[in-house]
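[1] coordinates only, sequence not included:
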């Protein structure tokens, strides 16, 4: 499937928040204001697939970090998550990052397969990172122009 991934800024915060709220539990979903604030920070960037996918990231020095990635349930397993991740890796590299980092719940098998397929490897573990008390794996991928 072909995706229309576009840059997202504070003006898209309402749509970004709606997608986020449809994907994450209420206590973890980001508000319109939270989206706008994140996107207004230096080094931050957003990617949006208006049908129902988003990724927010930020670059600091030579590292980038995925802040959040969301794909509506009806669009999962169709390559949108991979497309968003690949687009973020390219954008982070374009902005000078040599590596991209993220956290993923240890029990999120689908996300871990996505990240493994994109070249991410574990570099750490954050104990009781999530609201439910579960641990997060810290993953890292080297970025290149290829």
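    Thanks, I have it. It should be emphasised that the depicted structure is a prediction, and the values quoted were computed from it without experimental measurement.
[2] Pull out the buried positions in the helix or strand hosting residue 36.
    Secondary structure from DSSP states H and E places residue 36 in helix 32-40. Neighbour-count burial for helix 32-40, counted by 16 or more other CB atoms under 10 Å, picks out 32, 34, 35, 36, 38, 39. Quick note: C-beta positions are derived from backbone N, CA and C, even for glycine.
[3] Out of those residues, which comes closest to residue 52?
    Distance to residue 52, by CB to CB, is smallest for residue 35 among these, at 15.1 Å.
[4] contacting residues around that closest one?
    Residue 35 makes contacts with 10, 12, 13, 16, 17, 20, 46, 56, as judged by CB atoms under 8 Å, 6 or more residues apart in numbering.
[5] So which residues of the chain form strands?
    When secondary structure is read from DSSP state E, the chain shows strands at 6-8, 44-49, 53-60, 63-71, 99-105, 121-126, 136-142.
[6] other SSEs contacting the helix-or-strand element of the chain with minimal mean pLDDT?
    When each helix and strand of the chain is scored by mean pLDDT, DSSP states H and E, helix 109-117 comes last, with a mean of 93. For helix 109-117, the packing partners by 3 or more CB pairs under 8 Å, 6 or more residues apart in numbering; DSSP states H and E come out as helix 80-94, strand 99-105, strand 136-142.
[7] Share the number of residues neighbouring residue 100, please.
    Residues within reach of residue 100, counting by other CB atoms under 10 Å, total 26.
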